[in-house]
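Student: pasting the sequence and the predicted model now:
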Amino acid sequence: MEMTVDTAPAQKSSVIPMAIVAGLFFILGFATWLNGSLMPYLELVLTLTPVQASFILFTFYIAVVVFSIPSAWVIRRVGYKNGMALGMLGMAAAAFMFIPAAKTHMFGLFLVAQFMMGASQTLLQTAVNPYVVKIGPEESAAARISIMGILNKSAGVVAPMVFAAMILGGMKDYSTQAPTPEEIEILASNLVFPYICMGLFIAFLALCVKFSPLPELNLEKEDAQVADKGSVFRFPHLVLGVIALFLYVGVEVIAGDTIGSFGRSIGYSGFATLTSFTMAFMVLGYVLGVLLIPRVISQQKALMVSAILGVILSLSIVFGDSASSSFANILFVPFGLPALPNTIFFLALLGLANAIVWPAIWPMALSGLGSYTSTGSALLIMAISGGAVLPFVLAGVASIGDIGRQTAYIVMTPAYLFILFYAVKGHKLRSWK
């Protein structure tokens, strides 16, 4: 018989379960933020246009729309713990799919692998995120998710560096010139070994989770509060939270995964590792969340500050220039790191604005759902599809006339404005009337 976690205030220690879950968040981050390096890499190897390359993100995140509700059904049948293990086995299978894709240079196989990876992560995310929210007091949920975010985004810092070292190591600078056919073959072959290692490692961790002491959640005590609701869509704070999360994931992916392509488009030589800068700022934001929430600032106010900062930075990207940022020089050059142009620095700095949004929205949106939690979690996970839609919109806007990539980043501003609305009012609504 499996152990269960009672979500009532008086709880047993959650240190061991949280340690296990922390490892899962690292794996999620590593697999997810490889996309930021994979996009410019495939642009090189397969000679893709920016719109074609955006399908790498589209297929990864659109899988969430297809599999979020089925994931909730799976979790209700097998439990949160087994759901996590199954999700990781799917991720391992997806990693192995990249091998024939690299061997054949078939863009379609890369998209299939991305779709499989996105679908598997949907199941894992649907199980693991409510676990973090419900395993402790609701008012400190954002701080717990921030701890998980530190692991997730730290993986985002490491992943592009590992990718650049293993895939592009020893190769020349491709920011201003295309590779020769012989170099394309080498680049494609370099992709095989890392994905073999990743697939085997994730499969091993799936078995570890399956036989770990990770307990199940017990949400029965919350049912009485929601028995008269009838449908999960009658919770406005959840529905609006899904919209806010959809927009948030879109701008997070834009900041983390398009920065490499944007850097290459303006001739920045270190484009393959630019995602690491965005992730580093996100880690800083998560650390601040752990230290300040709820002791100094509430989840709601932290979300409000993040949204305002997002509006300011998104407009700064659009109206900024590509000259070297003096502030970035102060931060990076003393440590031997290359200076960033203003526009890239503002794009990377969005990582700081984005960090607290996910941790703050989840507990607000899942508050008081009781047995609807798995379905509510599935809807929130479905919102990850924003990572497919908004970058695609960005690429489409950038291709219109003379608008260009830089001006197209204006699509982020309305997203941050809606997140600001949710922080101020949307999360408080408990009825549509």
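Tutor: Thanks, I have the structure now.
Student: can you give me how far stretch 376-384 is from the chain middle?
Tutor: 13 Å (C-alpha atoms, centre = their mean, to the nearest Å).
Student: now it - C-alpha only, PDB.
Tutor: Presented in PDB, the C-alpha positions along stretch 376-384 are these (Å, rounded to 0.1, in the frame of the first residue of the first chain):
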ATOM      1  CA  GLY A 376      -7.000  22.100 -12.800                       C
ATOM      2  CA  SER A 377      -3.400  21.100 -13.000                       C
ATOM      3  CA  ALA A 378      -4.000  19.600 -16.500                       C
ATOM      4  CA  LEU A 379      -5.600  22.800 -17.700                       C
ATOM      5  CA  LEU A 380      -2.600  24.800 -16.300                       C
ATOM      6  CA  ILE A 381      -0.200  22.400 -18.000                       C
ATOM      7  CA  MET A 382      -2.200  22.900 -21.200                       C
ATOM      8  CA  ALA A 383      -1.300  26.600 -20.900                       C
ATOM      9  CA  ILE A 384       2.300  25.600 -21.600                       C
END
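Student: and it, what's its mean pLDDT?
Tutor: In this model, stretch 376-384 carries a mean pLDDT of 83.
Student: verify the stated contact: residue 98 with residue 116.
Tutor: No: counting by C-beta atoms under 8 Å, residue 116 is not a contact partner of residue 98; they are 9.6 Å apart. No exception for glycine: its C-beta is placed from N, CA and C like everyone else's.
Student: so if I had to pick from these two, which one is more boxed in?
Tutor: residue 98 (25 against 21; other C-beta atoms under 10 Å).
Student: look up the closest residue to the more buried one, ignoring the ones flanking it.
Tutor: Take residue 98 and drop its neighbours on the chain: the residue closest to it by C-beta to C-beta, 6 or more residues apart in numbering is residue 195, 4.2 Å away.
Student: any low-confidence regions in the stretch 201-350 of the chain?
Tutor: With pLDDT under 70 as the threshold, the stretch 201-350 of the chain has low-confidence stretches at 216-230, 270, 272, 322-338.
Student: how does it look with 80?
Tutor: By pLDDT under 80, the low-scoring segments of the stretch 201-350 of the chain are 212-232, 264-273, 275-276, 294, 321-341.
Student: just to revisit the earlier point, so who does the residue nearest to residue 98 touch?
Tutor: Counting by C-beta atoms under 8 Å, 6 or more residues apart in numbering, residue 195 touches 95, 96, 98, 99, 102.
Student: what about 6 Å?
Tutor: 95, 98, 99 (C-beta atoms under 6 Å, 6 or more residues apart in numbering).
Student: need these in JSON lines with secondary structure and pLDDT, can you?
Tutor: As requested, the contacts of residue 195 are exported to JSON lines (DSSP: H, G, I helix; E, B strand; the rest coil; pLDDT from 0 to 100):
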{"residue": "95", "secondary structure": "helix", "pLDDT": "91"}
{"residue": "98", "secondary structure": "helix", "pLDDT": "88"}
{"residue": "99", "secondary structure": "helix", "pLDDT": "90"}
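Student: would you format these as JSON lines with distance to residue 294 included?
Tutor: JSON lines is the format used below for the contacts of residue 195 (distance: C-beta to C-beta, whole Å):
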{"residue": "95", "distance to residue 294": "38"}
{"residue": "98", "distance to residue 294": "42"}
{"residue": "99", "distance to residue 294": "46"}
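Student: what about residue 147, how many residues nearby?
Tutor: Residue 147 has 19 nearby residues by other C-beta under 10 Å.
Student: please report phi then psi for it.
Tutor: The phi/psi pair for residue 147 (degrees, to the nearest 10) reads phi -60, psi -40.
Student: buried set for the helix or strand residue 64 falls within?
Tutor: According to DSSP states H and E, residue 64 maps onto helix 50-78. By neighbour count with 16 or more other C-beta atoms under 10 Å, helix 50-78 contains the buried residues 50, 53-65, 67-69, 71-72, 74-75.
Student: just the CA atoms of the helix or strand hosting residue 208, as PDB, please.
Tutor: Remark: residue 208 resides in helix 192-210, with elements defined by DSSP H and E. Extracted in PDB, the C-alpha atoms of helix 192-210 (Å, rounded to 0.1, in the frame of the first residue of the first chain):
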ATOM      1  CA  VAL A 192      23.800  11.300 -31.500                       C
ATOM      2  CA  PHE A 193      25.900  10.600 -28.400                       C
ATOM      3  CA  PRO A 194      24.500  13.300 -26.100                       C
ATOM      4  CA  TYR A 195      20.900  12.100 -26.700                       C
ATOM      5  CA  ILE A 196      21.900   8.500 -26.100                       C
ATOM      6  CA  CYS A 197      23.300   9.500 -22.800                       C
ATOM      7  CA  MET A 198      20.200  11.600 -21.900                       C
ATOM      8  CA  GLY A 199      17.800   8.800 -22.800                       C
ATOM      9  CA  LEU A 200      19.600   6.200 -20.700                       C
ATOM     10  CA  PHE A 201      19.900   8.600 -17.800                       C
ATOM     11  CA  ILE A 202      16.200   9.600 -17.800                       C
ATOM     12  CA  ALA A 203      15.100   6.000 -18.100                       C
ATOM     13  CA  PHE A 204      17.200   5.100 -15.100                       C
ATOM     14  CA  LEU A 205      15.700   7.900 -13.100                       C
ATOM     15  CA  ALA A 206      12.200   6.800 -14.000                       C
ATOM     16  CA  LEU A 207      12.900   3.400 -12.300                       C
ATOM     17  CA  CYS A 208      14.300   5.300  -9.300                       C
ATOM     18  CA  VAL A 209      11.100   7.300  -9.000                       C
ATOM     19  CA  LYS A 210       8.900   4.200  -9.400                       C
END
